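Engineer: coordinates only, sequence not included:
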């Protein structure tokens with residue numbers, strides 16, 4: 001197709017009029033601003049800021065297309081206490097952020113972005129990968145916060161050739177990876193992630209058009225004001241939730257300690273009672289004997305109407321009067337990890 005003469009129309013972002021953008025006449029827009037449904041999602045780092053997922057395409061098949069991809073916040077497990085304790089694994093969610101080690105831009109585009117954007121692609125070939133520090137410079141030129149200028153940034157791009165249905169396509173993907181490091185709990189994210197695609201033999205022809213679309217974004221000041229207010233309200237709510245969660249965690253630890261202390265005192269009192277009762281025949285209680293539990297490393301007073309006791313690490317108990325009985329041989333409870341729990345006569 002001849003692109004030596006092309007007309008662009010300035011149109012608003014479809015969902016919230018957050019910005020306007022130049023679009024070649026007759027092209028289609030799909031998607032736009034994406035907000036969480038707080039009936040199903042909680043307020044967290046992932047949901048405070050609105051996201052954009054916008055496609056501008058020449059036709060229904062998106063044979064020529066540019067896509068503005070959403071920013072996703074991730075959490076590096078190297079900086080998570082829960083990961084070191086084995087409670088959080090790669091691929092889990094931590095405070096609504098996917099848990100992944102920080103990636104290079106090219107790795108992120110290969111492993112995360114392309115499979116997400118093109119789940120039905122076939123015959124995928126990586127044509128080129130390269131570092132692009134100029135993307136970082138461009139991104140930082142729009143960053144207001146000086147704090148974000150002092151964290152780690154990397155830019156990179158990957159060119160893919162692939163088939164999608166009957167179309168054979170070339171796509172150039174770009175992104176900046178921002179890593180906040182240990183001070184921010186290992187949070188990292190993708191910034192200004194863009195996809196440009198067209199048929200391979202037409203890509204050079206369409207690339208200036210796609211770049212012009214990308215560069216033409218003009219934000220709506222009224223929308224920015226409303227969005228900033230929304231983010232501040234959600235941030236305050238998130239901070240309140242964090243404070244509540246910290247209080248809940250602290251109280252959980254305190255109550256756990258109190259409960260453990262209370263149970264220990266109850267057990268010690270119970271053991272003293274059993275010890276007294278077994279030396280005072282005639283009381284309306286069962287007779288008790290001190291059986292040693294090898295898994296717990298302690299004496300447990302149990303009814304002495306059986307001579308032999310066996311236990312498992314899961315707390316199962318087997319009693320018998322016959323010395324020849326072995327629950328491991330008989331596979332009692334389908335288990336073979338029974339151990340003898342003998343009477344400790346020295347407890348008398």
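Structural biologist: Nice, I can see it. Remember, predicted model here, so these are calculated numbers, not experimental data.

Engineer: quick one: residue 259 and residue 253, what's the gap?
Structural biologist: Note on residue 259: its distance to residue 253, by C-beta to C-beta, to the nearest Å, is 11 Å. Backbone N, C-alpha and C define where each C-beta goes, glycine included.

Engineer: One more: residue 212?
Structural biologist: In this structure, residue 212 and residue 253 are 58 Å apart, going by C-beta to C-beta.

Engineer: The two: which is more packed in?
Structural biologist: Looking at residue 212 and residue 253 with other C-beta atoms under 10 Å, you find the greater number of neighbours at residue 212, namely 15 against 10.

Engineer: Neighbouring strands - and their directions - for the one helix or strand residue 54 maps to?
Structural biologist: For residue 54, the element it lies in under DSSP states H and E is strand 51-57. Counting by DSSP bridges, the strands paired with strand 51-57 are strand 28-34 (antiparallel), strand 65-68 (antiparallel).

Engineer: would you list these in a markdown table and tack on mean pLDDT, mean neighbour count and distance to residue 182?
Structural biologist: Formatted as a markdown table, the strands paired with strand 51-57 follow (pLDDT from 0 to 100; neighbours: other C-beta atoms under 10 Å; distance: least, C-beta to C-beta, whole Å):
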| stretch | mean pLDDT | mean neighbour count | distance to residue 182 |
| --- | --- | --- | --- |
| strand 28-34 | 95 | 16 | 30 |
| strand 65-68 | 98 | 23 | 31 |
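
Engineer: Out of those, flag the one nearest residue 290.
Structural biologist: Of all these, it is strand 28-34 that lies closest to residue 290, at 65.6 Å by C-beta to C-beta.

Engineer: starting at the chain centroid, how far to that closest one?
Structural biologist: Distance of strand 28-34 from the chain centroid (C-alpha atoms, centre = their mean, to the nearest Å) equals 26 Å.

Engineer: And for stretch 66-78?
Structural biologist: Centroid separation for stretch 66-78 versus its chain: 11 Å, with C-alpha atoms, centre = their mean.

Engineer: likewise stretch 254-273?
Structural biologist: Stretch 254-273 sits 38 Å away from the centroid of its parent chain (C-alpha atoms, centre = their mean).
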